[in-house]
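Fold the following, please.
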Amino acid sequence: QVQLVESGGGLVQPGGSLRLSCEASGFPFDHYTLGWFRQAPGKEREGVSCIGASDGSTYYADSVKGRFTISRDNAKNTVYLQMNSLKPEDTAVYYCNAKVLASPTLNYWGKGTLVTVSS
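Reported below is the predicted structural model:
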């Protein structure tokens, strides 16, 4: 069955770094656009970054541009989010997403990993 399993979250001080990983199984990974979303307490889920299936093109929310880097390793069925210069406002549960843009049903989510940025 389809699985997306995030890891790498934790507690980090402001200015620190974390790398999130999301390992996927159960679907043709290299055909899917992959993304990271986050949801802070009391707020709606928002898109953070995504990476395309075919050309590896990337998108970043303005709030993380220049600090976060998304990458994918199709051989390992894994997508990464390198997060540098973390700020308290980056605190959230981070979710991995895989989808085929042309399909409303081929859209999968992980269960999330908590990132807390605090001194």
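
and the residue nearest the centre of the chain, how far is that from Ser119?
When Cα atoms, centre = their mean is applied to the chain, the residue found nearest the centroid is Trp36 (2.5 Å). According to Cβ to Cβ, to the nearest Å, Trp36 and Ser119 sit 24 Å apart. Yep, even glycine has a C-beta here, placed from its N, CA and C like the rest.

So the residue nearest to the centre of the chain sits against Cys96, correct?
Yes: counting by Cβ atoms under 8 Å, Cys96 is a contact partner of Trp36 at 6.3 Å.

Now do the shared contacts for those two.
Residues touching both Trp36 and Cys96 (Cβ atoms under 8 Å, 6 or more residues apart in numbering): Leu20, Cys22, Val79.

partner residues bridging the residue nearest to the centre of the chain?
Applying DSSP bridges to Trp36 gives these bridge partners: Ser49, Cys96.

ok, Gly112 touching Tyr94?
Yes: the criterion here is Cβ under 8 Å, and Gly112 meets it with Tyr94 at 6.4 Å.

per-residue pLDDT, the nearest residue to Gln1 once chain neighbours are set aside?
Nearest non-adjacent residue to Gln1, counting by Cβ to Cβ, 6 or more residues apart in numbering: Gly26, 5.2 Å away. Gly26 is assigned a predicted lDDT (pLDDT) of 94.

number of nearby residues for Gly26?
Residues near Gly26, counting by other Cβ atoms under 10 Å, number 12.

gap between it and Arg38?
24 Å.

Also Val79?
Distance from Val79 to Arg38, counting by Cβ to Cβ: 14 Å.

ditto for Tyr60
Applying Cβ to Cβ to Tyr60 and Arg38 gives a distance of 13 Å.

Name the residue in these two with the higher neighbour count.
Arg38 (23 against 17).

residues in contact with that one?
Neighbours of Arg38 in contact, by Cβ under 8 Å, 6+ apart: Arg45, Glu46, Val48, Asp90, Ala92, Val93, Tyr94, Tyr95, Val115.

Thanks again, I'm all set now.
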